[in-house]
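J.: Fold the stuff below for me.
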Amino acid sequence: MLKKLFHNERGSVMPMVGVALFSLLGAVGAAVDMGRVQIVQSRMQNALDSAGLAAASVVNTSDINSETNKYFYANFPSGYMGTQVKHLTVSANPYNTILALHVDGLVDLTFMKLFGLSSAYVAADSQITRANKGMELVLVMDNTGSMAQSAGGSVTKLQAAKSAGTTLLDALYGGGTTAENLWVGMVPFSQAVNIGTSNSSWLSTNSFNWGTTSWYGCVDAREASGLDVTDDPPSVAKFPQYYWPCDTNNKWYGTNTNRDNCSTSGTIKYKSGLNTTSLGPNKYCAQPITPMTASKSTVINNINSMQAVGNTHIVTGMSWAWRMLSPRWRGVWTGEMATNDLPQDYNTPLMTKVVVLMTDGDNTIDNGSRGAYWYLSNGKLGTTNSSAAVTQLNTRTTNVCTSMKAQGVVIYTIALGTQINNTSQTMLRNCASKPEFYFLSPTTSTLNTIFKQIGDSLANLRISQ
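T.: Numbers count the residues shown, from 1 in each chain. Predicted coordinates for the structure are as follows:
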């Protein structure tokens, strides 16, 4: 019987079937487990990319580790498909322009446990580069007399503004002195804007008495022709020279010993030291504008040279910011702007036009200070009533903002201090391109943070690896 059993071939295929079924089960199990690993790997990579973009967008104002963790686990829940995350790290280069991220962990296996494999290693890496989009940026900086007031912390408002402006440029330039396709200009303003003496060809003729000095560069508004809030170039209408005559608020010549009677009946004697701050026809003429340049140091040096003098005509600053960005002025500006065919057309692909306005006060006009709209009593704004004149300045500021936004210019506005009234805050809020692009900084302690937020907002992010 044993001999017959040994030679019996019935059922001999069953062992092979058993072996085949076991191999097939292993293959199916491996496929299922590896499929799960691939799903985990894909989601882990996407979550890491998203976390990197989120962290990079606030790298100057928030802790990148907490931001990375928050956004990674929002997209990759803890224990997802049996995954244990072991390491999640993020690091930035010294200039916060590149973020490197890494995550790894173990995925629990199911079927492969039958073969002694309980988990599989998964990992993902990402590198986020903060790459500046092409940008034409104009900083409109308040240089009025109130900026000399204390801002707390043993600094003036102007000192705080200088520091914050530098912070913004550091965020945009990173560690470089230039950045690809980044052009920055600046318009300091008070009661007038200084276009620079090299642009005298933009002026209408005059017969002013300049005494022992000459024109320093400030211009009046073109309100007589209704072009004070437009981007029309000098070929359409030239600009009147700013000139503060000798009067009770600015006694810079006369016929008496003190040279303070503003008399022209005899031999005129001029006071020495005619300048932009105390006496003379250029009194309260602000620092010259900085046409757009690729040089970070040029802009910073001019920011640090700002002085606080005069009344507040926000509309003049915004009007000249528009003229610096308007393609109608291409070929009018000289220097780097001419060499590089700036400003570019509106809506040029990969190029954004931006204005950042910072002011600490309300629009003002009175009879004590001669500005771009002359004295209040001259009625250059269509009224000699103080309240009505300020309303006109506010309205014209809003009109300039609306005109720029209609052309795609992005506007950020910042109100510094606690002296800005509700009407002015509303004007600045409406001037901004979005409600979240308006910032109120009651103290200078928040001003740097605001400029960092704007720098982050302007950064164009891309996944580089």
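J.: what comes up buried for the helix or strand containing Met404?
T.: Taking DSSP states H and E as the criterion, Met404 maps to helix 386-406. Buried residues in helix 386-406, counted by 16 or more other Cβ atoms under 10 Å: 389-390, 392-394, 396-401, 403-404. Yep, even glycine has a C-beta here, placed from its N, CA and C like the rest.
J.: any idea how far Asp142 lies from Asn181?
T.: The gap separating Asp142 from Asn181 is 28 Å, by Cβ to Cβ, to the nearest Å.
J.: quick one: which of the two has more around it?
T.: More crowded of Asp142 and Asn181, by other Cβ atoms under 10 Å: Asp142, with 25 against 17.
J.: Please name the nearest non-neighbouring residue to Ala338.
T.: Counting by Cβ to Cβ, 6 or more residues apart in numbering, Gly331 is the residue found nearest to Ala338 once chain neighbours are left out, at 6.9 Å.
J.: tell me the SS of the one you found?
T.: Classification of Gly331 by DSSP: H, G, I helix; E, B strand; the rest coil places it in coil.
J.: on that earlier part again, please identify the one among the buried residues of helix 386-406 that lies nearest to Gly310.
T.: Ranked by distance to Gly310 (Cβ to Cβ), the buried residues of helix 386-406 are led by Leu393 at 14.0 Å.
J.: which non-adjacent residue is nearest the closest one?
T.: Per Cβ to Cβ, 6+ apart, closest to Leu393 is Asn363, 3.7 Å.
J.: now do Thr352
T.: Closest residue in space to Thr352, ignoring its immediate chain neighbours: Met135 at 5.1 Å, by Cβ to Cβ, 6+ apart.
J.: Walking through the stretch 201-350 of the chain, point out its strands one by one.
T.: With DSSP state E, counting those that start in this stretch as the criterion, the stretch 201-350 of the chain has strands at 218-219, 253-254, 269-270, 290-293.
J.: just for the stretch 301-450 of the chain, where's the confidence low?
T.: Across the stretch 301-450 of the chain, nothing is flagged by pLDDT under 70.
J.: can you redo the buried residues of helix 386-406 as TSV with distance to Gln344?
T.: Output for these, formatted as TSV (distance: Cβ to Cβ, whole Å):
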residue	distance to Gln344
Ala389	37
Val390	36
Gln392	33
Leu393	30
Asn394	31
Arg396	26
Thr397	25
Thr398	26
Asn399	24
Val400	20
Cys401	21
Ser403	18
Met404	15
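J.: Show the contacting residues for the residue nearest to Leu393.
T.: Going by Cβ atoms under 8 Å, 6 or more residues apart in numbering, Asn363 touches Thr312, His313, Ile314, Val315, Val390, Leu393, Asn394, Thr397, Ser424.
J.: Surely it is within a helix?
T.: No. Looking at Asn363 with three-state DSSP, it is coil, so not inside a helix.
J.: Please report the distance of it from Ser297.
T.: 33 Å.
J.: just to revisit the earlier point, is the residue nearest to Thr352 bridged to anything, and to what?
T.: Leu182, Thr352 (DSSP bridges).
J.: now it: how far from Leu169?
T.: Separation of Met135 from Leu169 (Cβ to Cβ) stands at 12 Å.
J.: just Gly105 next, same as before
T.: For Gly105 relative to Leu169 (Cβ to Cβ), the value is 40 Å.
J.: cool, Leu53 as well?
T.: From Leu53 to Leu169 the distance is 23 Å (Cβ to Cβ).
J.: got it, and Thr255?
T.: 50 Å.
J.: what's the answer for Ile303, then?
T.: Distance from Ile303 to Leu169, by Cβ to Cβ: 8 Å.
J.: Give me the secondary structure label for Gln38.
T.: Looking at Gln38 with three-state DSSP, the answer is helix.
J.: burial of it, as a residue count?
T.: Per other Cβ under 10 Å, the neighbour tally for Gln38 reads 12.
J.: And Ala31, by the same measure?
T.: Per other Cβ under 10 Å, the neighbour tally for Ala31 reads 11.
J.: Can you say which helix or strand has it in it?
T.: Assigned by DSSP H and E, Ala31 falls in helix 14-57.
J.: Also Gly105?
T.: strand 98-108.
J.: Then Leu137?
T.: With DSSP H and E as criterion, Leu137 is part of strand 134-142.
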